[in-house]
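Q: Compute the structure for the input listed below.
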Amino acid sequence: MIDYMARQIQLWGKQTQDNLATKKVAVVGCGGLGCSIGIALGGLGLGRIDLIDFDTVSIHNIHRQIAFDLVDEGRFKADVLKETIQRRYDKTEVQSHIASFIEFTATNTRKYDLIFDGTDNIQARVDIDDYSKDRETSWIYGSVEKFYGQVCFMDEAKFEEFFKVKQNPPQGITAGMVMHIASFQVLLGMRYLTSLPIQKDRLYHFSFDEFGVFQHKQFSLK
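A: Below is the predicted model of the structure:
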């Protein structure tokens, strides 16, 4: 394990790395964001990762949902992502749950250190926020479309107060932006789980303007 985690131990020391092995997280949604989040978290050395998703792999998913291969079409996304994570590191307990988030929380009693949003709809995020507030657990929101995306470490801010957006049909998604947003979600989560400072309840917006200039804006939700 020390050899596998050598570069991380250089960052924060063996005691912090050992502490990560006690952490439990949930990833809600195992599509584009969830795949990249799950793979990155899988190499972090966590104690447990729960993957929650009811959907199956479609051929049009695979270009941006990096845990899946062509042979996975028709299989449950959570199951395939679990296998991908475990092939890369087998010391973290990974469980897949074939259910919607509401169905999962109806029977789940486990306490998480952090929840990651890998969904693609507003209502699911409202449900995550309600669940998290009720259990005093932070969660990390992420969304992506076309060449832009948003991330926020949700702690005290109420999701519905700031995201009154109607559900729109997808207008195209680039794989690179999906991985960019997921990576930033994981970076925030990693810093939180290792007790490094982060800005909570701050919305980060990433985009390209009409001239191809990459832009980054921040907004406080408090």
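Q: going forward, measure contacts and count neighbours with C-alpha atoms only.
A: Fine.
Q: Just the mean pLDDT for the top helix by length along the chain, thanks.
A: In the chain, assigned by DSSP state H, the helix with the most residues is helix 175-193. Averaging pLDDT along helix 175-193 yields 97.
Q: Kindly report the same for stretch 200-213.
A: 94.
Q: buried sites along it?
A: Residues 200-207 are the ones in stretch 200-213 that count as buried (16 or more other Cα atoms under 10 Å).
Q: Ends of it, what's the gap?
A: 27 Å (Cα to Cα, to the nearest Å).
Q: chain center to that stretch: distance?
A: 19 Å (Cα atoms, centre = their mean, to the nearest Å).
Q: got a list of contacts for that stretch?
A: 147-157, 214-222 (Cα atoms under 8 Å, 6 or more residues apart in numbering).
Q: next one: stretch 90-101
A: 21, 28, 42, 45-55, 76, 78-79, 82, 85-86, 104, 124, 127-128.
Q: filter those residues to the buried ones?
A: So, by 16+ other Cα under 10 Å, the buried ones in the contacts of stretch 90-101 are 21, 28, 42, 45-55, 76, 78-79, 82, 85-86, 104, 124, 128.
Q: rewinding a little: touching the longest helix of the chain from outside, list them.
A: Contacts to helix 175-193, defined as Cα under 8 Å, 6+ apart, come from residues 20, 23, 32-34, 36-37, 40-41, 63-65, 113-114, 116, 140-144, 146-153, 197-198.
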